[in-house]
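Peer 1: starting from these lines, generate the structure:
(one chain, ligands or ions: 1)
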Amino acid sequence: MKAVSVIWRKEFATIRQLERSCYGLLKPLGVVMGVGFLMFLMAPLVLLAVPLMVLSGILMFGVFVWMIHLQKAPRREIRCPYCDNANSVFVGVSEFDCDFCQRPIHFNEQGTPMPADGSLDDAKPTSVWES
Ligand SMILES: [Zn+2]
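Peer 2: Alright, predicted model coming up:
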């Protein structure tokens, strides 16, 4: 469960990375709940199915509440220096990958977002067909 450790250690930098990690947890839980429901329909498995459905339901609710709680952390809009898309970045993050183009961005001493891989050091404008 990589998503759990990502969320637990707050290894997400942007709101989308947090949401992606949370959905990475919710999806398997939803599958477990679906399996529980199928078992519920098969009479001999009802005793197994009910706790499975209850447990996955509680866990999904917990992940959801946890996500809402973490989303409330202060954020700021950062325009990606590569692709100019707005990233909703959590305050205190010193480096992150753009949500849209996945390229690394870090902040300089003035707090300005800068390309972290040096690819824009020669001041060549990025173009849409570069990926
Ligand atoms: Zn970008």
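Peer 1: which element, helix or strand, includes residue 114?
Peer 2: Secondary structure assigned from DSSP states H and E places residue 114 in strand 113-115.
Peer 1: residue 89 against residue 73, yeah?
Peer 2: No. Counting by Cβ atoms under 8 Å, residue 89 sits too far from residue 73 to count as a contact (10.6 Å). In this view, the C-beta of every residue, glycine as well, is placed from N, C-alpha and C.
Peer 1: picking up where we left off before, which strands and helices sit next to the strand holding residue 114?
Peer 2: Strand 113-115 sits against strand 104-107, with contacts defined as 3 or more Cβ pairs under 8 Å, 6 or more residues apart in numbering; DSSP states H and E.
Peer 1: how about the strand it packs on: buried residues?
Peer 2: Buried residues in strand 104-107, counting neighbours by 16 or more other Cβ atoms under 10 Å, are found at 105, 107.
Peer 1: that strand: partners in the sheet, and parallel or antiparallel?
Peer 2: Sheet pairing for strand 104-107, assigned by DSSP bridges, gives strand 95-97 (antiparallel), strand 113-115 (antiparallel).
Peer 1: now the last one: mean pLDDT?
Peer 2: Put plainly, it is strand 113-115. The pLDDT scores in strand 113-115 average 87.
Peer 1: give me the residues contacting that strand.
Peer 2: Strand 113-115 has contacts (Cβ atoms under 8 Å, 6 or more residues apart in numbering) with 78-82, 103-108, 121.
Peer 1: swap in 10 Å and give it another go.
Peer 2: The contact list for strand 113-115 (Cβ atoms under 10 Å, 6 or more residues apart in numbering) reads 78-82, 87, 89, 95-96, 98, 103-108, 120-121, 126.
Peer 1: just the buried ones from the residues you listed?
Peer 2: Restricting the contacts of strand 113-115 to buried positions leaves 78, 80-82, 87, 89, 96, 98, 103, 105, 107, 126, with burial counted as 16+ other Cβ under 10 Å.
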